[in-house]
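A.B. asks: Sequence and predicted model, in that order:
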Amino acid sequence: MLPRVFEIDEIFRLIASRVVDFDGSSAIALACCCKALQDPVLRLCWEGKSLDNLAAVLPAGVLARSGHSTLPYYTTIRSPTQQERHRLLRYASWIKRIEGLFTRRFEAFFDILHSSSPTETPFPNLRTLSWCIYPSFLRFLPLFVSPLITTFSVTVHKDKTFDPKTMERDYLSAAIAALPTSLREFTLRINPAGLGNDELKEEVLRAVHRCGPILTHLEIDVELPAVMIQHVMELPKLRTWKVHGNLPPATLTPSSEVASYLPALSSLTLAATNARDWVTFLSIPHPKLTAIRSTLTELNLSDHQDVDPTLISQLCVFQNLTHLHVGASCPDDRCAFSLTDDDVSDLSWALPRLESLMLGHQCDRNTCRTTVRSLLFLSARCPGLVFLSIHFNTAQIAQDIQSLFETWDSSVRNLRESSARCLVTTLSVSQTPLPLAGTDELEVVKRGFLNVFPQLKAISRKYAKTWRCLTEALGK
């Protein structure tokens, strides 16, 4: 007879978790030998199973599989029996994570899931739902909203079947209305504009209000009213926020209950249409907007931004940034990068903790006013830097490097002779040309680059064979 301690379910769950963590196949073998361990082992093994794994629970006589073996297309042959439905729902109840792009190949299987559990979710223990879905499949979305869900990330892609007059958006609203207060990460991206109606916006507002105290991640591709934007800024635990198409509030309504706006925010991504407005707003000296200056470590500004001294001076207030990405692409008629070496010097002084810096995609005009001095400022003053993409003029790069080695300017000489350097191994130059007059200039450029970037191994370029020659020279 087994000791009474083995009558405690928690003991079996602990044994199962240790065995599953060590070796999944051994855990299955153990479960086959000990009936008491079957449920605990199966639960743990099924936590991360996919919908394809779940569909395989049904016999071939119920659900036919055709097409590619790893991405089969499902068609219904007959309705499952009550026993088959019970077994399906049993396994579904153990799944905790569902991710992926879901297309028409799942439609027949989703119909079976819906008919097997028409009034409640078949996934009561689901914690994470990360879906890319087409509007015609939104009718299945409420099936996957469990009362324990903590991460809800749904991207709706437009397809040929979408009709804004149909009821797809009602299913999306219903799913958002069912989100529980346990939600911590909320992402909703909507490509068909017809889905973003007033009812959906109301449900989004209610969900943010309902889950606000514990929300840590928010990305809503729906235009929200100004009062809601301020409410988001009051969320006490919000750590990552991606802003789509929403302007900052014109004024901040006084609130005695809020000590600081965005008190825990560490990562902020701003869309192209309003990024400059947000940077200006967040850099103003407001007494309740000071916390973000020390908490923000990652800032992303999407495409079509002019990289100018005004922008840089505003960004320099966030002195703990480790990742700063300005995804600017120069327009066809001009270079959008107007910084000087002095501006980059100021940036390197203000943001010494930088690990990844991208100030636009380099164009081929070679008209910018920054030189290799800017590279030296960043390498010497930001020792943790591992990724760098910045415009620098190469029209006279060999002469500029020679000047860098010979100048008596104390600020440059001290940095040149200092041993402090960054960790960049691959330098991104994109479309920047590299005009060199011969092997002598190539050797000067190589020596200069290895002084600035001692760990440099390669140059990431879009074209220009000269850069390839430099990369080959670096390896010698």
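C.D. replies: All right, it came through fine.

A.B. asks: For Leu215, give me the pLDDT.
C.D. replies: Leu215 is assigned 96 on the pLDDT scale.

A.B. asks: you'd agree it is up against Lys237?
C.D. replies: Yes - with contact defined as Cβ atoms under 8 Å, Leu215 reaches Lys237; the gap is 6.5 Å. From N, CA and C alone the C-beta is placed, and that goes for glycine too.

A.B. asks: so where's the stretch 301-450 of the chain uncertain?
C.D. replies: Low-confidence regions of the stretch 301-450 of the chain, defined here as pLDDT under 70, cover residues 303-304.

A.B. asks: before we move on, which element is Thr187 in?
C.D. replies: strand 185-190 (DSSP states H and E).

A.B. asks: list the buried ones in whatever helix or strand comes next after that strand?
C.D. replies: Using DSSP H and E, the helix or strand that follows strand 185-190 in sequence is helix 198-211. Residues Leu200, Lys201, Glu203, Val204, Leu205, Ala207, Val208, Cys211 are the ones in helix 198-211 that count as buried (16 or more other Cβ atoms under 10 Å).

A.B. asks: Not including adjacent chain positions, what is the nearest residue to the second one?
C.D. replies: Distance criterion Cβ to Cβ, 6 or more residues apart in numbering; nearest residue to Lys201, sequence neighbours excluded, is Val222 at 5.7 Å.

A.B. asks: Surely Thr269 is in a strand?
C.D. replies: Yes - Thr269 forms part of a strand when assessed by DSSP: H, G, I helix; E, B strand; the rest coil.

A.B. asks: follow-up on the earlier one: wait, which of the buried residues of helix 198-211 is closest to His244?
C.D. replies: Val204 (12.1 Å; Cβ to Cβ).

A.B. asks: Is the closest one in contact with Thr187, as I believe?
C.D. replies: No - with contacts counted by Cβ under 8 Å, Val204 stays clear of Thr187, the gap being 11.5 Å.

A.B. asks: Can you tell me the SS state at Phe152?
C.D. replies: Reduced to three states by three-state DSSP, Phe152 is strand.

A.B. asks: How about Ala64?
C.D. replies: Classification of Ala64 using three-state DSSP returns strand.

A.B. asks: thought it was touching Leu58?
C.D. replies: No - with contact defined as Cβ under 8 Å, Ala64 does not reach Leu58; the gap is 10.1 Å.

A.B. asks: Show me which of those two is the more surrounded one.
C.D. replies: Leu58 (20 against 13; other Cβ atoms under 10 Å).

A.B. asks: I figured the more buried one was touching Leu88, is that so?
C.D. replies: Yes - counting by Cβ under 8 Å, Leu58 does reach Leu88; the two are 6.2 Å apart.

A.B. asks: who touches both of these two?
C.D. replies: Shared contacts of Leu58 and Leu88, defined by Cβ atoms under 8 Å, 6 or more residues apart in numbering, comprise Pro80, Ile112.

A.B. asks: what does stretch 261-271 contact?
C.D. replies: 219, 230, 233-234, 236-245, 252, 278-279, 286, 288-289, 291-292, 295-302.

A.B. asks: Only the buried subset of the residues you listed, as a ChimeraX command please.
C.D. replies: Restricted to buried positions by 16+ other Cβ under 10 Å, the ChimeraX selection for the contacts of stretch 261-271 reads:
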select :219,230,233,234,238,239,240,241,242,243,244,252,278,279,288,289,292,295,296,297,298,299,300,301,302
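
A.B. asks: which ones among the contacts of stretch 261-271 are found in strands?
C.D. replies: Glu219, Thr240, Trp241, Lys242, Val243, Glu298, Leu299, Asn300, Leu301 (DSSP state E).

A.B. asks: And the spatially closest residue to the fifth one that is not a sequence neighbour, how close does it get to Ser302?
C.D. replies: This points to Val243. Spatial nearest neighbour of Val243, excluding adjacent residues (Cβ to Cβ, 6+ apart): Leu270 at 5.3 Å. As judged by Cβ to Cβ, to the nearest Å, Leu270 and Ser302 stand 7 Å apart.

A.B. asks: Likewise for Thr432?
C.D. replies: 22 Å.
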